[in-house]
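Below are the sequence and a predicted model; questions follow.
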Amino acid sequence: MLTIMKCGVIIAFLFSIASLSFLVLKTFSYGKKKLYAEPRGDVKKGIVYAFGKGMMPWEKESARNHLPTYIGGIFYHTGIFLALLYLLGAILVIQLPAAVILFLRVLCLAGFLSGLALLVKRIFSPVLRALSCPDDFAANIIVDIFLILSFLHTLRPAPDITLFLFASAAIMFLYIPLGKIRHCFFFFYVRVLFGIFYGRRGVFPHISYKV
């Protein structure tokens, strides 16, 4: 059964990657808008800014005004990516050192608690609840289940826990191209485009002009 479920996870992952790649390639079919303004900055510096200083809370008003949520989001997404790495180790049956397991355990639990807190906030905040759609709740719950099962698997990697972990991972991979979880993939693509455009215009990083 575990072998079948492992194959299911791999198939779901390949489906997810293929679907996301298709969505990226589809954006190229819309053509590229011609830029008439002369370049006033450096594209490379714009990309560095987008992935560096531009991610800091003092550079983003929404993050600056909601710092606890920003920090919770960092733990949440860090936990997700580390849980995915742990899943890869479980699929390949890689024996990880105890220190690494402990590190992953702490971050998976922190990610789960952060995700749960964000879900509770979305449910009880009138503003967030009004802005939310079913996908917002479904995506959070699916990922939270994956995180808590990853955490439990670090404590007891028994066949039954492994089976549930693989099942939750397969469901998550199948859901990624269909729901908002795909933003974890498009985040990198969009930040590159962001850096290219505003770096070229000299908007980011800020530069001074001589009059």
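Looks like it arrived, so ask away. Quantities reported herein were computed from a predicted structural model and do not represent experimental measurements. Numbering: from 1, shown residues only.

residue ranges for the helices of this structure, please.
2-28, 43-51, 61-65, 67-91, 98-124, 126-131, 134-155, 159-175, 183-201 (DSSP state H).

looking at the ones you listed, which is closest to residue 37?
helix 183-201 (6.8 Å; C-beta to C-beta). Every residue, glycine included, has its C-beta placed from N, CA and C.

And for the residue lying closest to residue 54 once chain neighbours are set aside, the neighbour number?
Spatial nearest neighbour of residue 54, chain neighbours left out: residue 204 (6.3 Å); criterion: C-beta to C-beta, 6 or more residues apart in numbering. The number of residues packed near residue 204 is 22, by other C-beta atoms under 10 Å.

Residue 39 too?
Around residue 39 there are 11 residues (other C-beta under 10 Å).

ok, it touching residue 197?
No: counting by C-beta atoms under 8 Å, residue 39 stays clear of residue 197, with 10.9 Å between them.

From residue 111, how far out is residue 194?
With distances taken as C-beta to C-beta, to the nearest Å, residue 194 is found 25 Å from residue 111.

Could you tell me which residues make contact with residue 70?
Residues in contact with residue 70 (C-beta atoms under 8 Å, 6 or more residues apart in numbering) are 57, 63.

Start at 240, not 1
Yep, numbering from 240; the last one is residue 309 now.

Quick check: the gap between it and residue 315.
On the measure of C-beta to C-beta, residue 309 and residue 315 end up 11 Å apart.

Find the residue at the geometric middle of the protein.
Closest residue to the average C-alpha location of the chain: residue 423 at 3.0 Å, with C-alpha atoms, centre = their mean.

Make sure that residue is actually in contact with residue 317.
No: using C-beta under 8 Å, residue 423 makes no contact with residue 317, being 11.6 Å away.

re earlier: looking at residue 433 and residue 350 now, which is surrounded by more residues?
More crowded of residue 433 and residue 350, by other C-beta under 10 Å: residue 350, with 28 against 17.

I'd like to know which helix or strand in the protein has the lowest mean pLDDT.
helix 300-304 (a mean of 78; mean pLDDT, DSSP states H and E).

Buried residues in that one, which are they?
Within helix 300-304, the residues scored as buried using 16 or more other C-beta atoms under 10 Å are residue 302.

now what about that helix, what contacts it?
296-297, 308-309.

Please repeat the previous calculation with a cut-off of 6 Å.
296-297, 309 (C-beta atoms under 6 Å, 6 or more residues apart in numbering).

Using CSV, lay out those together with distance to residue 322 and pLDDT.
CSV is the format used below for the contacts of helix 300-304 (distance: C-beta to C-beta, whole Å; pLDDT from 0 to 100):
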residue, distance to residue 322, pLDDT
296, 24, 85
297, 29, 82
309, 20, 89
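
Out of those, which is nearest to residue 334?
residue 309 (35.9 Å).

The closest one and residue 295, how far apart?
For residue 309, the distance to residue 295 - C-beta to C-beta - is 10 Å.

can you list the weak-confidence ranges in this structure?
445-450 (pLDDT under 70).

let's go with 90 and repeat that
240-242, 262-284, 289-309, 332-334, 422-429, 432-433, 435-437, 439-450 (pLDDT under 90).

Sounds good, over and out.
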